[in-house]
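Colleague: need coordinates for the following:
(one chain, ligands or ions: 1)
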Amino acid sequence: MKVTDSIDSLKGIGEKTKLLFYKIGIYQLNDLLHYYPRDYEIYKEPSPLKDIDTDRPVAVIGLIEKELQIKTIGRLKLITTTIKVDDEKIKITWFNMPYLKNSLKSGMKFVFYGKINEKKKMKTMDHPQIFTREEYQKKMFSMQPVYSLTAGLTNNVVIKAIKQVLNQYEIYQEYLPERIRTKHQLAEYNFAIQTIHVPLNEEELILARKRLVFDEFFLFILNLQKMKEACEKLKSPFHLKYVDETIQLERALPYQLTAAQKRVWNEIQKDFDSSKVMSRLIQGDVGSGKTILAIMALIRVVKNGFQGSLMVPTEVLARQHYESMTKMFNDYNLQIKVILLTGSLTLKEKREAYQKIKSQDVDIIVGTHALIQEKVEYANLALVITDEQHRFGVRQREIFAQKGKMPHILVMSATPIPRTLAIILYGDLDISIVDEVPAERLPIKNCVVNTEYRPTAYRFIQKEVEKNRQVYIICPLVEESEGLDAENVIDYTKKLKNLLPSAINIEYLHGRMKGKEKNEIMERFLKNEIQILVSTTVIEVGINVPNASVILIENAERFGLAQLHQLRGRVGRGAHQSFCILIDSSSKKGITKRLEILNQSNDGFFIANEDLKLRGPGDLFGKRQSGILEFKIADIYQDASILQLAAEEVNQILQDDPNLETEENRQIKEQIEKLKNLEQINL
Ligand SMILES: Nc1ncnc2c1ncn2[C@@H]1O[C@H](COP(=O)(O)OP(=O)(O)OP(=O)(O)O)[C@@H](O)[C@H]1O
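Modeller: Below you'll find the model as predicted:
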């Protein structure tokens with residue numbers, strides 16, 4: 001057996017389970033070993049209720065006060081009871097486990113393990129695990145990994161599969177020099193992989209995690225540096241002379257570019273003036289006006305007779321850019337042809353698009369990942385604009401190099417990272433910062449409230465709609481989900497429709513809808529035919545509807561701060577006063593404190609820094625920032641100090657041995673090659 005063996009070479013994994021593993025991106029044993037847990041259940045000593053101040057599962061010893069009740073709702077069986085813990089009552093609900101009635105009787109004491117919530121001043125626990133005290137004693141202090149799953153695949157199946165592999169192999173060869181490991185107290189590689197999946201205690205887990213985080217950063221930075229070296233030597237085959245159309249557009253815009261936008265535009269122009277291949281990152285807070293800079297760069301390219309492309313993370317956003325660009329080019333009579341290329345086009349539409357791209361019948365191609373698929377042949381692509389989620393890494397550059405020439409690259413990012421980190425993480429790119437928002441913008445007014453505030457919020461929303469404004473409402477879930485106590489867009493929309501006058505058009509949007517439906521909803525929202533859009537976080541990145549003035553975020557406690565900041569950035573993009581209402585459905589002090597940070601500031605950098613302070617380093621289970629340079633295990637904020645160390649080591653190594661030729665460094669080189677082949681490296 002080898003790590004490159006297929007997942008179904010394991011015992012107990014047949015065709016059906018194999019496909020479930022495929023769904024979460026696990027094809028080979030190697031993928032499985034690098035599929036790290038998203039969390040761990042830690043069975044700590046049962047705590048007294050008054051000491052519990054966390055949103056993590058805990059164990060409590062409870063006396064069953066009432067016989068279990070069974071209620072059937074459709075196909076769902078709800079089993080409820082109340083337990084008494086230190087003179088306080090907790091309402092317990094299980095789902096579809098009617099047999100519990102036989103073993104859990106009133107007057108008996110058990111250990112209940114689960115999350116404690118508070119609903120209408122009553123403490124609740126949904127679907128807790130139950131143990132006798134003896135059983136719990138045995139389990140105490142053990143840790144169980146929790147993996148991200150897909151419907152049909154259980155945590156246990158993943159655990160069993162991983163254990164099979166771990167039991168069989170001395171999996172990997174250590175490749176990191178002893179010197180580096182000792183200096184930074186890094187655990188051995190095999191130990192780290194083993195322990196991340198089967199930790200014996202928290203101390204070992206922290207060690208294992210540190211090693212894997214270091215590796216992830218180390219290899220990532222090493223690759224970036226190599227890439228930078230390679231790029232610096234490249235001469236661009238595209239000579240892009242200055243064109244008048246960009247200045248004409250700038251003059252015709254309904255607004256003045258901010259000083260920051262002008263500065264960044266100059267930096268881009270300088271790259272074009274030089275003979276090198278541009279690799280530039282434009283970093284700017286939400287709504288700072290990065291898009292117009294991208295458009296101006298595209299115009300310069302097109303007016304030099306070449307093609308440019310804009311690649312974004314979602315179809316909804318691709319369509320938005322496509323439409324606003326087409327309109328802008330028509331309005332200003334720029335004679336530029338734009339085409340949309342996304343996964344949801346029909347085969348026929350795709351074929352037509354490929355043809356037009358190949359014959360240079362179109363100038364600008366806007367789309368999702370579909371843009372870099374094999375079948376797309378560009379006639380003359382000179383500029384690729386992408387966002388940080390689609391890091392335009394080695395592989396993509398290679399694809400383009402194979403397809404022809406090396407285009408200029410512009411990466412856009414709204415991630416607020418301090419400059420020192422940005423320099424490391426985007427080491428291959430020159431950085432431009434749009435550090436200013438348009439002057440006439442009014443700062444967003446924020447409030448963090450609990451669920452009792454909803455009626456007031458709805459009255460406020462109604463008034464805003466009467467003023468012709470529009471509203472986003474964000475819910476974490478698409479539909480009601482077993483065991484998850486959070487708002488969902490489908491029921492929420494129904495509820496709002498009943499509460500608000502029928503003249504107000506309320507619709508919902510979520511990621512599981514078909515592409516066509518999503519487009520239709522977004523188009524209607526853009527035209528103000530829909531006034532209230534109840535949505536999941538599909539609207540998170542880039543969506544631009546300047547007339548929207550309110551965003552209400554339900555279960556705000558469930559989101560990371562960076563994500564909330566992104567969501568909030570959907571309003572305050574026009575001249576209207578905008579508002580962000582964060583509904584905190586938990587009553588935990590720590591969480592509210594976190595949300596308070598958003599209340600204090602609209603500045604992404606400030607928020608990221610405060611968040612970091614609050615979480616403190618080494619907080620293994622902090623909410624990971626989503627959407628930022630997706631590392632498998634590392635978190636750029638939380639692990640900032642390891643990132644620095646890894647960067648220092650890389651610099652040292654490359655300074656001493658640029659081609660990684662010494663015996664020690666050759667092993668590192670081999671590891672990179674191996675991981676690249678296994679697609680296990682974040683490039
Ligand atoms: N200098 C300016 N003055 C006034 N409005 C501007 C200016 N620059 C851009 N805008 C407008 O501000 C809005 C937000 O700009 P844009 O969509 O480019 O933001 P962004 O930086 O891409 O933000 P996000 O990261 O949230 O997508 C748009 O409606 C745009 O037309």
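Colleague: write out the residues of this structure neighbouring the ligand.
Modeller: 255-258, 261, 284, 286-292, 414, 438, 542, 544, 546, 569, 573 (C-beta under 6 Å from any ligand atom). Quick note: C-beta positions are derived from backbone N, CA and C, even for glycine.
Colleague: which of the residues you listed are buried?
Modeller: Among these, those classed as buried by 16 or more other C-beta atoms under 10 Å are 257-258, 261, 284, 286-292, 414, 438, 542, 544, 569, 573.
Colleague: next one: the longest strand anywhere in the chain to chain centre, how far?
Modeller: Counting residues, the longest strand in the chain under DSSP state E turns out to be strand 76-85. Centre-to-centre, strand 76-85 and its host chain are 35 Å apart (C-alpha atoms, centre = their mean, to the nearest Å).
Colleague: so what are the sheet partners of that strand and their directions?
Modeller: strand 58-64 (antiparallel), strand 69-73 (antiparallel), strand 88-95 (antiparallel) (DSSP bridges).
Colleague: contacting residues around the shortest one?
Modeller: It stands for strand 69-73. 77-81, 98, 101 (C-beta atoms under 8 Å, 6 or more residues apart in numbering).
Colleague: look at Gln671 and give its secondary structure.
Modeller: With DSSP: H, G, I helix; E, B strand; the rest coil as the basis, the three-state label of Gln671 is helix.
Colleague: ok, and the closest non-adjacent residue to it?
Modeller: Using C-beta to C-beta, 6 or more residues apart in numbering and skipping residues adjacent in sequence, the residue nearest Gln671 is Tyr175, 4.0 Å away.
Colleague: equivalent analysis for Ala297, please.
Modeller: Closest residue to Ala297 apart from its sequence neighbours, by C-beta to C-beta, 6+ apart: Ile268 at 5.4 Å.
Colleague: and the strands paired with strand 76-85 as CSV, adding mean pLDDT and mean neighbour count?
Modeller: Written out in CSV, the entries for these read as follows (pLDDT from 0 to 100; neighbours: other C-beta atoms under 10 Å):
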stretch, mean pLDDT, mean neighbour count
strand 58-64, 93, 21
strand 69-73, 89, 10
strand 88-95, 92, 18
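Colleague: quick one: which of these is nearest Asn380?
Modeller: strand 88-95 (58.1 Å; C-beta to C-beta).
Colleague: and stretch 229-244, what's buried?
Modeller: Within stretch 229-244, judged by 16+ other C-beta under 10 Å, the buried ones are 231, 236, 238, 240, 243.
Colleague: dump the residue contacts of the first one.
Modeller: If a contact means C-beta under 8 Å, 6+ apart, then Cys231 has 277, 279, 428 as its contacts.
Colleague: how about a cut-off of 6 Å?
Modeller: By C-beta atoms under 6 Å, 6 or more residues apart in numbering, Cys231 lies in contact with 277, 279.
Colleague: and if you look at the one 5 residues further on?
Modeller: Applying C-beta under 6 Å, 6+ apart, we find Ser236 in contact with Val277.
Colleague: model confidence over stretch 498-512, on average?
Modeller: When the per-residue pLDDT values of stretch 498-512 are averaged, the result is 93.
Colleague: what does stretch 235-249 give?
Modeller: 92.
Colleague: just the C-alphas of that stretch, formatted as CSV.
Modeller: As requested, the backbone C-alpha atoms of stretch 235-249 are provided in CSV (Å, rounded to 0.1, in the frame of the first residue of the first chain):
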residue,chain,number,x,y,z
LYS,A,235,10.3,40.0,-19.8
SER,A,236,6.7,40.6,-20.8
PRO,A,237,5.9,39.8,-24.4
PHE,A,238,3.0,42.3,-24.3
HIS,A,239,4.1,45.8,-24.9
LEU,A,240,1.3,48.0,-23.5
LYS,A,241,1.5,51.6,-24.5
TYR,A,242,-0.4,54.4,-22.8
VAL,A,243,-3.9,54.9,-24.1
ASP,A,244,-6.2,57.9,-23.9
GLU,A,245,-9.4,56.0,-23.2
THR,A,246,-8.5,55.4,-19.6
ILE,A,247,-8.1,59.1,-18.9
GLN,A,248,-11.3,59.8,-20.8
LEU,A,249,-13.1,57.3,-18.7
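Colleague: centre of the chain versus that stretch, how much separation?
Modeller: Put simply, stretch 235-249 sits 34 Å off its chain's centre (C-alpha atoms, centre = their mean).
Colleague: same check, this time on stretch 108-118
Modeller: 32 Å.
Colleague: contacts for that stretch, please.
Modeller: 46, 57, 59-64, 123-125, 128-131, 136, 485, 587.
Colleague: any idea how far apart the tips of it sit?
Modeller: Across stretch 108-118, the straight-line distance between its terminal residues is 24 Å, by C-alpha to C-alpha, to the nearest Å.
Colleague: now it: mean pLDDT?
Modeller: Summarised as a single mean, pLDDT over stretch 108-118 is 90.
Colleague: in the stretch 101-250 of the chain, which residue sits nearest the ligand?
Modeller: Distances from the stretch 101-250 of the chain to the ligand, computed as C-beta to the nearest ligand atom, single out Glu250 as the nearest residue at 10.1 Å.
Colleague: so what's that residue up against?
Modeller: Taking C-beta under 6 Å, 6+ apart as the definition, Glu250 has no contacts.
Colleague: which of the three states applies to the closest residue to Ala640 other than its chain neighbours?
Modeller: Of all residues not flanking Ala640 in the chain, Leu421 sits nearest, at 6.0 Å (C-beta to C-beta, 6+ apart). For Leu421, the secondary-structure state derived from three-state DSSP is helix.
Colleague: ok, now how distant is Leu421 from Gln600?
Modeller: As defined by C-beta to C-beta, to the nearest Å, Leu421 lies at a distance of 22 Å from Gln600.
Colleague: the two: who's more crowded?
Modeller: The residue with the greater number of neighbours, taking Leu421 and Gln600 and applying other C-beta atoms under 10 Å, is Leu421; the counts read 17 against 11.
Colleague: of all the contacts of strand 69-73, which two lie farthest apart?
Modeller: The largest separation in the contacts of strand 69-73, counting by C-beta to C-beta, is between Lys77 and Thr81 at 13.7 Å.
Colleague: so between these two, which is more surrounded?
Modeller: When Lys77 and Thr81 are compared on other C-beta under 10 Å, the one with more neighbours turns out to be Thr81, at 21 against 14.
Colleague: among the buried residues of stretch 229-244, which are located in helices?
Modeller: Residues from the buried residues of stretch 229-244 lying in helices, with DSSP state H as the criterion: Cys231.
Colleague: JSON lines for the buried residues of stretch 229-244, including distance to Ile7?
Modeller: Converted to JSON lines, the buried residues of stretch 229-244 look like this (distance: C-beta to C-beta, whole Å):
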{"residue": "Cys231", "distance to Ile7": "36"}
{"residue": "Ser236", "distance to Ile7": "43"}
{"residue": "Phe238", "distance to Ile7": "44"}
{"residue": "Leu240", "distance to Ile7": "47"}
{"residue": "Val243", "distance to Ile7": "53"}
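Colleague: now, which of the buried residues of stretch 229-244 sits nearest Asn555?
Modeller: When those are compared against Asn555 (criterion: C-beta to C-beta), the nearest one is Cys231, at 43.4 Å.
Colleague: next one: the closest one from Val264, what distance?
Modeller: The span separating Cys231 from Val264 equals 20 Å under the rule C-beta to C-beta.
Colleague: the residue lying closest to Asp387 once chain neighbours are set aside: what's it in contact with?
Modeller: Counting by C-beta to C-beta, 6+ apart, the nearest residue to Asp387 once its immediate chain neighbours are dropped is Met412, at 5.1 Å. Under the criterion of C-beta under 6 Å, 6+ apart, the neighbours of Met412 are 282, 290, 387.
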